[in-house]
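Enquirer: Any chance you can model this:
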Amino acid sequence: MAAPVDFLRLYQELNLSSGASLEELKRAYRRRVSELHPDRLAQSDVAAARRAAERLQDLTVLYGAATEFHVRHGRLPGGVAPRRAAFETPPPPSSAVSAPAPVRRSLRGALLGIGLLILCAWMFWVAQYPEDDAASSEPETIAEPATAVAPLRPPVREPALPALDFGMLKRDVLALQGEPLIRGDDRWEYGPSWISFDKGKVSDWYSSPLRPLRHASQNPPPRKEIR
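Expert: Numbers count the residues shown, from 1 in each chain. Down below sits the predicted model:
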């Protein structure tokens, strides 16, 4: 059995109330990820950067559990479930609910008579055409000629996606990595991972183990000259 998730700690970390909306949760999460990014503290205090990375990992786990809760229940943990539509059909008045007893008896008798007629007609049909029913229930099979054998074709392989590399344009990075959480002119952030651009082309990146970039090494190879 999975351990319960402490969503209260998530709200305290993001400075939100339990009645926050999904958009408020996303904005607060992106802001907190930017504050706890290890690169901002790595040069000044290595220990603080390590603690920030651990907090960021816990925050990412809690954020994923909260979004999954919203997908299942239509609300965030601790929120209020959506109300039903106010234009539902009101119940009929009490005077129109119950019909007089003679009308109910006559309607029940008519329905019973119709059901008996349908049953008798079906039994008569089965007695008259038993073979046709059995033949119609079996699927028709068409024998193929022995010579009509399709040649074997090699399986079609889908083209592999390119790996992240220096000089890649922004549109190619967007098709490979998807929309970033924080999108700047010269830097795109995917949680703890990021990609830097110089004149619209990839110049550097960092792929964090917490949220690695697709088709990219954790640290780029020696920097190439961008033409």
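
Enquirer: Could you use CA atoms for every contact and neighbour count after this?
Expert: Fine.

Enquirer: Could you list the low-pLDDT ranges of this protein?
Expert: Along the chain, the parts satisfying pLDDT under 70 run over 1-3, 39-44, 79-101, 103, 129-151, 156-161, 223-227.

Enquirer: What ranges does it have for its helices?
Expert: For the chain, the helices defined by DSSP state H cover 7-14, 22-35, 38-41, 46-73, 94-97, 101-128, 130-137, 170-177.

Enquirer: Only the buried residues of the last one, if you could.
Expert: What it means is helix 170-177. Across helix 170-177, burial judged by 16 or more other Cα atoms under 10 Å covers 173, 176.

Enquirer: Contacts for it next, please.
Expert: The contact list for helix 170-177, computed with Cα atoms under 8 Å, 6 or more residues apart in numbering, reads 161, 162, 164, 200, 201, 202, 213, 214.

Enquirer: now residue 113: how far from residue 68?
Expert: 54 Å (Cα to Cα, to the nearest Å).

Enquirer: How about residue 9?
Expert: 17 Å.

Enquirer: So for residue 219, which of the helices of the chain sits nearest?
Expert: helix 38-41 (13.3 Å; Cα to Cα).

Enquirer: Redo the helices of the chain as a markdown table? Include distance to residue 183.
Expert: Listed next are the helices of the chain as a markdown table, based on distance: least, Cα to Cα, whole Å:
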| stretch | distance to residue 183 |
| --- | --- |
| helix 7-14 | 20 |
| helix 22-35 | 11 |
| helix 38-41 | 17 |
| helix 46-73 | 19 |
| helix 94-97 | 61 |
| helix 101-128 | 68 |
| helix 130-137 | 61 |
| helix 170-177 | 11 |
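
Enquirer: Around residue 14, how many other residues sit close by?
Expert: 21 (other Cα atoms under 10 Å).

Enquirer: what's near enough to touch it?
Expert: Neighbours of residue 14 in contact, by Cα under 8 Å, 6+ apart: 25, 28, 29, 32.

Enquirer: Distance of it relative to residue 173?
Expert: 29 Å.

Enquirer: for residue 181, same thing?
Expert: In terms of Cα to Cα, residue 181 sits 14 Å off from residue 173.

Enquirer: Residue 120 too?
Expert: 70 Å.

Enquirer: Can you report how many residues lie near the closest residue to residue 187 other than its chain neighbours?
Expert: Spatial nearest neighbour of residue 187, excluding adjacent residues (Cα to Cα, 6 or more residues apart in numbering): residue 196 at 4.4 Å. When counting by other Cα under 10 Å, one arrives at 18 neighbours for residue 196.

Enquirer: partner residues bridging residue 196?
Expert: Here residue 196 sits in beta bridges with residue 187, residue 204, going by DSSP bridges.

Enquirer: From residue 220, how far out is it?
Expert: 11 Å.

Enquirer: shared neighbours of these two, which are they?
Expert: Common neighbours of residue 196 and residue 220 (Cα under 8 Å, 6+ apart) are 204, 205.

Enquirer: So which residue is smack in the middle of this protein?
Expert: With distances taken as Cα atoms, centre = their mean, the residue of the chain nearest its centroid is residue 71 (7.7 Å).

Enquirer: Residue 77: which of the contacts of helix 170-177 is nearest?
Expert: Nearest to residue 77 among the contacts of helix 170-177, with distances taken as Cα to Cα, is residue 213, at 29.3 Å.

Enquirer: ok, the nearest residue to that closest one once chain neighbours are set aside to residue 190 distance?
Expert: Once flanking residues are discounted, residue 213 sits nearest to residue 207: 5.2 Å by Cα to Cα, 6+ apart. Note on residue 207: its distance to residue 190, by Cα to Cα, is 9 Å.
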